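Trainee: A predicted structure for the sequence below; I have some questions about it.
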Amino acid sequence: MIRNERKDHRGLPASRQARIDPMTATLHEVTFGPGCPDTACDALAARTGLSKTSIKQAMIKGAVWLRRPKSKVRRLRKATTILKPGDTLQLYYDPTILDVSPPIADCVRDLGHYTIWFKPAGLLTQGTRYGDHCSLARQVEQYFKMRRKVFLVHRIDREASGLVIMAHNQVSAAKISALFRENRIEKEYAVWVRGDLTQSPSDGRIGLDLDGKTALTRFHIIRHDPDKDRTLVHAQIHTGRLHQIRRHFSHIGFPVMGDPSYGRGNLCPEGLQLVAFRIALDCPFGNGRIEAKIDLEGFET
């Protein structure tokens, strides 16, 4: 059975979205019966009409998935994997996504059990069904040559840049996740918002509920730029709601510059003007107070 369907393109860096042809994005799904000695690459090439080179590239970039009876679906990267009866291969094929060359993340701190990374704008924190080569998680795996596991414990928006923690074992993932839940990890963001926030009656606190849940953002004003009519703020979130900073500032009439989803009149050729520039925590493995910061010299001018 081969099934094709359109997909949404939230997995693609924003700079490439406008050039997508929706008809290039397809899902090929093939289930194999008895007497199928095919390798995964041969089977997909024969049943989709794509070249073996294209199939191999899609596998390497995380666009092929294997579902075996009584097993979880997993990415399949090995082209020579021998198929078994009942196996189902899924190829989420979008050449536009597969051709993207993602920006490269930097390792800021290596604490053994976990690392702190700078994620540039345009890089996903984790992959999608259509691939993971444009994700921080995959870059971290490759950085350590697959010798460390990678566990996501928090993330930042694709359009934003900044610091992200990656855990490397289940114990570390559990401990750091607990610190996030208990609000014991400090995260600070530098944000340019549209308008003169110094003239707002705001007291540096935005407590508007989001999605029916409490949400709290605190901020202090750094300066107003009258030439561009924008204000630089440093913000901290005390809850972790979807797009919290972006939605909160939009709600009070000062949307984040370059935000493609919230606010009006806030277009910015440099993209989303939000950087997670500082993160601090008490190391759960006895390394004392850990703090990482990004130099904001270029961003804040």
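Mentor: That came in fine, so what should we check first?
Trainee: any idea which element the closest residue to residue 47 other than its chain neighbours lies in?
Mentor: If the residues on either side of it in the chain are set aside, residue 47 comes closest to residue 30, at 5.0 Å by C-beta to C-beta, 6 or more residues apart in numbering. Glycine gets a C-beta too; all of them are placed from N, C-alpha and C. Residue 30 belongs to strand 26-31 when assigned by DSSP states H and E.
Trainee: So which elements touch that strand?
Mentor: Helices and strands touching strand 26-31, by 3 or more C-beta pairs under 8 Å, 6 or more residues apart in numbering; DSSP states H and E, are helix 40-48, strand 88-93.
Trainee: For the first one, which outside residues touch it?
Mentor: Applying C-beta atoms under 8 Å, 6 or more residues apart in numbering, the external contacts of helix 40-48 come out as 2, 28, 30, 32, 36, 38, 50-52, 55-56, 59, 64, 66, 76, 78-83, 89, 91, 93.
Trainee: go with 10 Å
Mentor: 1-2, 4, 26, 28-30, 32, 36-39, 50-56, 58-59, 64, 66, 76-83, 87, 89-91, 93 (C-beta atoms under 10 Å, 6 or more residues apart in numbering).
Trainee: Buried ones from those, can you make that a PyMOL selection?
Mentor: To isolate the buried subset of those in PyMOL, counting by 16 or more other C-beta atoms under 10 Å, use the following:
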select buried, resi 26+28+29+30+32+38+50+54+55+56+58+59+64+66+76+77+79+81+83+87+89+90+91+93
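Trainee: Helix or strand next in line after the lengthiest helix in the chain, which one?
Mentor: Longest helix in the chain by number of residues (criterion: DSSP state H): helix 170-181. Beyond helix 170-181 in the direction of the C-terminus, DSSP H and E gives the next helix or strand as strand 186-194.
Trainee: Which positions in that next one come out as buried?
Mentor: Of the residues in strand 186-194, those buried (16+ other C-beta under 10 Å) are 187-194.
Trainee: Which elements pack onto it?
Mentor: The contact analysis (3 or more C-beta pairs under 10 Å, 6 or more residues apart in numbering; DSSP states H and E) places strand 186-194 against strand 161-167, strand 217-225, strand 230-237, helix 244-251, strand 274-282.
Trainee: same for whichever helix or strand comes after that strand, what does it pack against?
Mentor: The helix or strand immediately downstream of strand 186-194 is strand 205-206, counting by DSSP H and E. Other helices and strands packing on strand 205-206, by 3+ C-beta pairs under 10 Å, 6+ apart, are strand 217-225, helix 244-251.
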